[in-house]
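> this one's sequence-less:
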Ligand code: UT7
């Protein structure tokens, strides 16, 4: 029997208009452009400013781009998986809201919470559905409106995050391209270092949780940084090793964009020069689940059929992982 793999056959992306620059942050908290650039690599991030707009409003244009490019009838979409930690509401799922708004009336779907690894975990899940042979068209989204949960008086966290969305279409492939291997990990011991304290069943929203700022991202940056450097580099090197991929074989590294120094450490471990690494952190900052699909979106014009691509992420949970893809089409761009 021919082996089915899941191929990415289209990519879409969206970032909101508003640019929150380092210079504007200097007017909000005690920080400076030089510190932010040298410690993180970020110059600006995009923010969804309009009231009444949510993660689904970021994701829908990304998915619509795919629908337009592939001339896809939304009724053909089987499933929508949304990696996010900033869903429109705790329930129902953002996937449900997106499906309704784009007219994907035959699709089921769900949100997947894995913080910065949300896109990788969602991609692996979507690929598994395709490999069963029962699903022909699965949309995988990575989206976060981090500005909804960032404390803009906390200089240690507000400088890194931004808003954005990216999406891919997965379809079955029989030509040995597509998603070929993955190493995904999680470790609940990391929960203390990166989390949102309230709003869940442990500490439901109350006046006390709001006044003590428990609905914002809490991050112990240094500890997360240390784990991220080791975790992301380890799985990236391991996925190369176990698939006999040399640094010459790898066309692109697509790293989660949390901090330029974490990206550099991963690329160094893989023996890759900078020109093989997708980097847009300077313009978008850390958009959590959206960083990796946003890179694919921006670089899609350069991707060729057969390119070996390694996606890698590390984030809250802790969660981390790497995925090896053999790219499935020559770009029409
Ligand atoms: O996305 C997935 C998970 N997240 C990550 O991967 C993020 C990992 N962590 C990081 O990227 C870094 O830890 C940060 C960028 C968040 C912080 O950088 P750092 O180099 O770890 O800084 P730090 O927290 O150790 O602080 C160093 C110094 C401190 O001053 P002292 O105590 O040395 O005098 C801070 O108070 O820098 C100070 N500082 C700042 N100074 C200017 C912290 N934030 C700022 C700031 N501007 N925004």
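Structure received. What you see is a predicted model; the values in this text were computed from it and never measured.
> what about stretch 285-292, start to end distance?
Stretch 285-292 has an end-to-end distance of 12 Å (Cα to Cα, to the nearest Å).
> mean confidence score for it?
Averaged over stretch 285-292, pLDDT sits at 98.
> That stretch and the ligand in contact?
Yes. Counting by Cβ under 6 Å from any ligand atom, the ligand has neighbours in stretch 285-292: residue 286. No exception for glycine: its C-beta is placed from N, CA and C like everyone else's.
> With stretch 274-281 instead?
No. Using Cβ under 6 Å from any ligand atom, stretch 274-281 stays clear of the ligand, coming no nearer than 10.4 Å.
> what about that stretch, how long is it end to end?
From its first residue to its last, stretch 274-281 covers 14 Å (Cα to Cα).
> Please identify the buried residues of that stretch?
Neighbour-count burial for stretch 274-281 flags 276, 277, 278, 279, 280, 281 (criterion: 16 or more other Cβ atoms under 10 Å).
> The third one and residue 251 touch, don't they?
No. With contact defined as Cβ atoms under 8 Å, residue 278 does not reach residue 251; the gap is 10.6 Å.
> of all of this structure, which residue lies closest to the ligand?
Closest residue of the chain to the ligand, Cβ to the nearest ligand atom: residue 221 (2.8 Å).
> what about that residue, how many neighbours?
Neighbour count for residue 221, taken as other Cβ atoms under 10 Å: 17.
> if I look at it, how far off is residue 183?
Noted for residue 221: a distance of 25 Å to residue 183, by Cβ to Cβ, to the nearest Å.
> which element is the closest residue to residue 28 other than its chain neighbours on?
Once flanking residues are discounted, residue 28 sits nearest to residue 152: 5.7 Å by Cβ to Cβ, 6 or more residues apart in numbering. Residue 152 is part of no helix or strand, with elements assigned from DSSP states H and E.
> tell me, how many neighbours does residue 152 end up with?
Using other Cβ under 10 Å, residue 152 is surrounded by 14 other residues.
> Distance-wise, check it relative to residue 162.
From residue 152 across to residue 162, the span is 12 Å (Cβ to Cβ).
> residues in the stretch 51-200 of the chain within reach of the ligand, list them.
116, 155, 156, 159, 160, 194.
> who wins for most neighbours among these?
residue 116 (32 neighbours).
> Can you check my assumption that it lies in a strand?
No. Residue 116 is assigned helix when assessed by DSSP: H, G, I helix; E, B strand; the rest coil, not a strand.
> Please tell me I have it right and it contacts residue 286.
Yes. Look at residue 116 against residue 286 with Cβ under 8 Å: they come within range, at 7.4 Å.
> Now do the shared contacts for the two.
Common neighbours of residue 116 and residue 286, using Cβ atoms under 8 Å, 6 or more residues apart in numbering, are 256, 258.
> so what's residue 54 up against?
Contact analysis of residue 54 by Cβ under 8 Å, 6+ apart lists 86, 88, 94, 145, 148.
> Each with direction, which strands does the helix or strand hosting residue 109 pair with?
Assessed by DSSP H and E, residue 109 sits inside strand 108-112. Paired with strand 108-112 in the same sheet, following DSSP bridges, are strand 79-83 (parallel).
> Check the offset of the strand it pairs with from the chain's centre.
12 Å (Cα atoms, centre = their mean, to the nearest Å).
> Same check on stretch 280-291?
Relative to the chain's own centre, stretch 280-291 is displaced by 8 Å; criterion: Cα atoms, centre = their mean.
> same thing with stretch 29-40?
24 Å.
> buried sites along it?
When burial is assessed from 16+ other Cβ under 10 Å, stretch 29-40 yields the following buried residues: 31, 36, 39, 40.
> With stretch 240-251 instead?
So, applying 16+ other Cβ under 10 Å, buried residues of stretch 240-251: 240, 245, 250, 251.
> What mean pLDDT does it get?
In the prediction, stretch 240-251 has an average pLDDT of 98.
> With stretch 93-108 instead?
Mean predicted confidence for stretch 93-108 is 98.
> So which of the buried residues of stretch 29-40 is the closest to residue 128?
Set against residue 128, the nearest of the buried residues of stretch 29-40 by Cβ to Cβ is residue 40 (34.2 Å).
> now the closest residue to that closest one other than its chain neighbours: how far from residue 28?
Excluding the flanking residues, the one nearest residue 40 by Cβ to Cβ, 6+ apart is residue 259, at 5.1 Å. Note on residue 259: its distance to residue 28, by Cβ to Cβ, is 20 Å.
> More neighbours: which of these two?
For residue 259 versus residue 28, the count of surrounding residues by other Cβ under 10 Å is larger for residue 259: 22 against 13.
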